[in-house]
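Novice: my questions concern the predicted model and sequence given below.
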Amino acid sequence: MIADVAVIHAPAPEMLKLQHALTGTRKLPIFWLNSFLDKDAKPEQEDWGFALDGLLFPTMCPTEMGYALSFGIHGWKQRKRWAEEKASLSLRLEERKWIDQAKAVLSEIKGISENEAYDFLRKQAMNERKRIGEVAANIVKVYQLIHG
């Protein structure tokens, strides 16, 4: 049986201790079942620092818990997609920086235009069966190593 969510039943001080472990294991949506309601249960600041996708209470009926879980899972999936998209865009931006630097290096060394330098990078990437960003990074790093 595979779990769809993780539900943690712990008082607020324990949740603060679990915070680091929770943020490192984001493979499932995480919900806090809080049956420890007292005046000291709520941390002073609004941002608790927990990596929570939802809050559950034992007074909720099954329908309310179902809605809370569904809503939390939906939000978790959306944040996961955003994180993946952000990582992909960050990689593309980093590659773009390497490509621009490599075009400048190739233009300087080979005396060619930036368009010709880009064509050179593209062909080199195809020949080596590597991403163009990886080829560009290698060219820039070797250039920096040689020219300090």
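Specialist: Cool, the structure landed.

Novice: what residue in this structure is the furthest from its centre?
Specialist: Outermost residue of the chain with respect to the C-alpha centroid, by CA atoms, centre = their mean, is residue 111; its distance is 40.0 Å.

Novice: mind checking pLDDT for that residue?
Specialist: pLDDT, residue 111: 95.

Novice: ok, now residue 51?
Specialist: At residue 51, the pLDDT value in this model is 74.

Novice: roughly how far apart are the residue nearest the centre of the chain and residue 14?
Specialist: Geometric centre of the chain, nearest residue: residue 83, 3.9 Å, by CA atoms, centre = their mean. Taking CB to CB, to the nearest Å as the criterion, residue 83 is separated from residue 14 by 27 Å. In short, each C-beta sits where N, CA and C put it, glycine included.

Novice: coming back round to it: over to the residue farthest from the centre of the chain: give its phi and psi.
Specialist: When read as degrees, to the nearest 10, the backbone of residue 111 gives phi 70, psi 40.

Novice: number of nearby residues for residue 140?
Specialist: 20 (other CB atoms under 10 Å).

Novice: can you give me the strands in the chain?
Specialist: Ranges of strands within the chain are 6-8, 30-33, 54-56, based on DSSP state E.
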